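Asks: Have a look; sequence and predicted model below, questions after that.
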Amino acid sequence: MDDSLSDNRPLRILIADDSDSDRLILKTLLRRLDHEVADARNGQDAVDIFRESGADIVLLDALMPVMDGMEAAHQIKALAGERLVPLIFLTSLSDADALARCLEAGGDDFLTKPYNRIIIEAKINAFNRMRLMHQTLSQHRDLINDRNRHLLEEQEIAKRVFDNVAHTGCLDAPNIRYHASPMSIFNGDVLFACPRPAGGMQILVGDFTGHGLPAAIGAMPVAEIFYGMTSKGFSGSDVLREINQKLGRILPTGMFCCAALIQADFHLNQLQIWNGGLPDGVLLRTSGEQETITSRHLPLGVLAAARFDAGMEVVRTEPGDTLLMMTDGVMEAENRHGEMYGEERLKRSLNDTGNAGSPFEAVMAGIHVFTGKQPEQDDVTLLSLEMVEEAELAGVSERLPQSALEGPAEWHCVYEIQDRSLGQFSPLPLLLHICMEVPGLRRKSGEIYTLLSELYTNALEHGVLGLSSDWKATPDGFGRYYAERERRLQSVSGHFIRFSLTHTMTARGGQLAIVCEDSGSGFDYRDLSAVGDENGYSGRGLMLLRKLGHSLNFREYGTRAEIVYDWQFSEVAAREGSTNT
């Protein structure tokens, strides 16, 4: 430990006085108190001695030749910097103005002539205690600053790792706009977006309790689950159930995640939305109408799996409709008077959309005008999703990071799902995951998923359940079709659907042969194959199968469907392949 922090060592005291007798008296008194003493005849000598050897306490005569005590005090304080060096003026002055000037010059106290040994000793000891306390506080401050700097450096490193795991996915899609402003290095809010293999995308907006690193830690597993399951074709409800169970297991009591999950199906012009604890969302239609997306669920990580409701609200849309979702940091943004932005101001901002250009810009402008330069009190996240034609999003999934792992190139597998599982479980994510083990197929996930989905739907609905596509000829029949589908799924028994997948490599890519068999009684696939109206409700699946693959064949009265999918290496896949090798 530095001996300067010990109150037992002799103090270094500097005396500056042009009176030889007064200096001698003070030197004698202080040395008898076991302190080290240096002396000067004027202010300039005192400054030079202090610059050369320093001092713990300085005793200055106010009136001296060459440089008076007041100017010397200014310079000594400047030389001392952040170190506390008490300055005690030696004076016989009694004028209040003169004494005040001594204090303004940097003096801390006075010693009046003639000197009293007891008073001198008491003041020296008092200022020494003050000096030691200041040194201790300064050292603790420096230690805290040093540790804080190291902590910030570690957080910066952790954030780089965090951002690579909890990446933004396809948030750069042309129909998405967002604002995310963390209160600290880490953000308690989460915002993820990922394309779905079946088309469209899923978006998760979340707000963990708290701020900074503790709140952001929960985002890591959420990101892994969200991106992993969405990219494999799992539905929004499946993703929600898995995230809720994971957070319920790992988060401490009292910590949870208010969240909204949006599943956007652009080819169906449909949104499916689950809102658990976030502020109400707003759907702005091109007609000018506004619809509220109410929070109907508890946050993620609160309820046990058996009590958790992952049901999503279905909303029909049109291209141009815009959905706004936000965390409570938007509603709770404060101005300098402590007032919150709130729901009414949000509505006024949205009503001003015509002047702002878009709903997103209108809300951001409204918040900025309302809060001014006030610092944010919470993490603020605002999302705008515009419904567009699916063709406008072509290539969005190509920008997502791909796995560098090499999978098997030549393989064959058989997967069979039976009985009650037909109504409770979708094998499509698992089958897609198997196919995605082939590096060249990873960027074909949408087309592969479509093939598997249409074959499975055909086998389940027409083969196992015996439903007729004729019902889907009209909108009313379409509703009846799916109501009957749900009813028959509840009692399915003694049935199976079996997939046989075979993959081989070719000179320019590969070939995936898919066979889908079911235990149904078959159906007249020749009539179904003749359907060719793209605007109708039935037959569109077979049209997709023929478009994506070739040699589509039905055998054994329609209970066996065979199709071959040929793919070629894309330029991106070729570059990745050369990099991996």
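Replies: Sure thing, it's come through. Please read all numbers here as calculations on a predicted model, not as lab measurements.

Asks: check which helix or strand covers Gln263.
Replies: strand 257-265 (DSSP states H and E).

Asks: what's the average pLDDT for the helix or strand that comes right after that strand?
Replies: Under the assignment DSSP H and E, the closest C-terminal helix or strand after strand 257-265 is strand 270-276. Here strand 270-276 scores 96 as its mean pLDDT.

Asks: Next secondary structure after strand 270-276?
Replies: strand 281-284.

Asks: can you give me how far the helix or strand that that following strand is followed by is from the chain middle?
Replies: Under the assignment DSSP H and E, the closest C-terminal helix or strand after strand 281-284 is strand 290-293. Distance of strand 290-293 from the chain centroid (Cα atoms, centre = their mean, to the nearest Å) equals 26 Å.

Asks: what do you get for stretch 310-325?
Replies: So, by Cα atoms, centre = their mean, the centroid of stretch 310-325 is 23 Å from its chain's centroid.

Asks: Same check on stretch 125-133?
Replies: 49 Å.

Asks: With stretch 225-236 instead?
Replies: For stretch 225-236, the distance to the chain centre is 18 Å (Cα atoms, centre = their mean).

Asks: Confirm for me that Ile514 is in contact with Asn553.
Replies: No: taking contacts as Cβ atoms under 8 Å, Ile514 lies outside contact range of Asn553: 11.3 Å. Using the backbone N, CA and C atoms, a C-beta is placed for each residue, glycine as well.

Asks: Show me the common contact partners of these two, please.
Replies: 562-563 (Cβ atoms under 8 Å, 6 or more residues apart in numbering).

Asks: Between these two, point out the one with more neighbours.
Replies: Ile514 (22 against 11; other Cβ atoms under 10 Å).

Asks: Hmm, Arg546 is touching Leu552, no?
Replies: Yes: counting by Cβ under 8 Å, Arg546 does reach Leu552; the two are 5.6 Å apart.

Asks: Between these two, which has more neighbouring residues?
Replies: For the pair Arg546 and Leu552, the greater number of neighbours falls to Leu552 (17 against 14), based on other Cβ under 10 Å.

Asks: Surely that one forms part of a helix?
Replies: No: counting by DSSP: H, G, I helix; E, B strand; the rest coil, Leu552 is located in no helix; its state is strand.

Asks: Hmm, it is touching Met543, no?
Replies: No: in this structure, Leu552 is not within contact of Met543 by Cβ under 8 Å, at 10.4 Å.

Asks: follow-up on the earlier one: and the strand holding Gln263, average pLDDT?
Replies: 95.

Asks: May I see the buried residues of it?
Replies: Using 16 or more other Cβ atoms under 10 Å as the test for burial, strand 257-265 gives 257-265.

Asks: can you list these in JSON lines and add distance to Glu343?
Replies: JSON lines is the format used below for the buried residues of strand 257-265 (distance: Cβ to Cβ, whole Å):
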{"residue": "Cys257", "distance to Glu343": "22"}
{"residue": "Cys258", "distance to Glu343": "16"}
{"residue": "Ala259", "distance to Glu343": "20"}
{"residue": "Ala260", "distance to Glu343": "16"}
{"residue": "Leu261", "distance to Glu343": "22"}
{"residue": "Ile262", "distance to Glu343": "20"}
{"residue": "Gln263", "distance to Glu343": "26"}
{"residue": "Ala264", "distance to Glu343": "25"}
{"residue": "Asp265", "distance to Glu343": "29"}
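
Asks: quick check, nearest of those residues to Pro299?
Replies: Cys258 (4.5 Å; Cβ to Cβ).

Asks: Surely that closest one is in contact with His297?
Replies: No: counting by Cβ under 8 Å, Cys258 does not reach His297; the two are 9.7 Å apart.

Asks: quick one: common contacting residues for those two?
Replies: 276-277.

Asks: what about Met325, which SS state?
Replies: When classified by three-state DSSP, Met325 comes out as strand.
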